[in-house]
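Undergrad: Fold the following.
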Amino acid sequence: MECKNRERNIKDCSCTYISCNKRGMCCECVMYHRANGEIPGCFFPKEAEKTYDRSIKYFISVWSKK
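TA: Modelled structure (predicted):
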């Protein structure tokens, strides 16, 4: 799928998983993680995102500490 905003999205993408084929295609990324019961990396704080744990449980634990 082509995304006309991909290059702009990549500039603002906070996900550190650089080799992901969905990088910069936010709709594809959200659909992928949602289908896997996960949350995209850009919803996590910087240090938490680097763990690559995209689980809902981890997301809640990270944000409940803030």
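Undergrad: surely Ile39 meets Lys57?
TA: No - the pair Ile39 and Lys57 fails to qualify as a contact (C-beta atoms under 8 Å) at a distance of 10.1 Å. Every C-beta, even on glycine, is put in place using the N, C-alpha and C of the backbone.
Undergrad: more neighbours, those two?
TA: When Ile39 and Lys57 are compared for neighbours, Ile39 comes out ahead with 18 against 9, by other C-beta atoms under 10 Å.
Undergrad: Spatially nearest residue to the more buried one (excluding sequence neighbours)?
TA: In this structure, Ile39 finds its nearest non-sequential neighbour in Phe59, 4.8 Å apart by C-beta to C-beta, 6 or more residues apart in numbering.
Undergrad: The one you found: which element?
TA: Taking DSSP states H and E as the definition, Phe59 sits inside helix 56-64.
Undergrad: Provide the contact partners of that helix at residue level.
TA: Applying C-beta atoms under 8 Å, 6 or more residues apart in numbering, the contact partners of helix 56-64 are 37-39, 43-45, 48, 51.
Undergrad: With just CA atoms, put it into CSV.
TA: Output in CSV follows, covering the C-alpha atoms of helix 56-64 (Å, rounded to 0.1, in the frame of the first residue of the first chain):
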residue,chain,number,x,y,z
ILE,A,56,-1.5,-3.5,26.5
LYS,A,57,-0.5,-4.6,30.0
TYR,A,58,2.9,-2.9,29.6
PHE,A,59,1.3,0.2,28.2
ILE,A,60,-1.0,0.5,31.2
SER,A,61,1.9,-0.2,33.7
VAL,A,62,4.0,2.5,32.1
TRP,A,63,1.4,5.2,32.1
SER,A,64,0.0,4.3,35.5
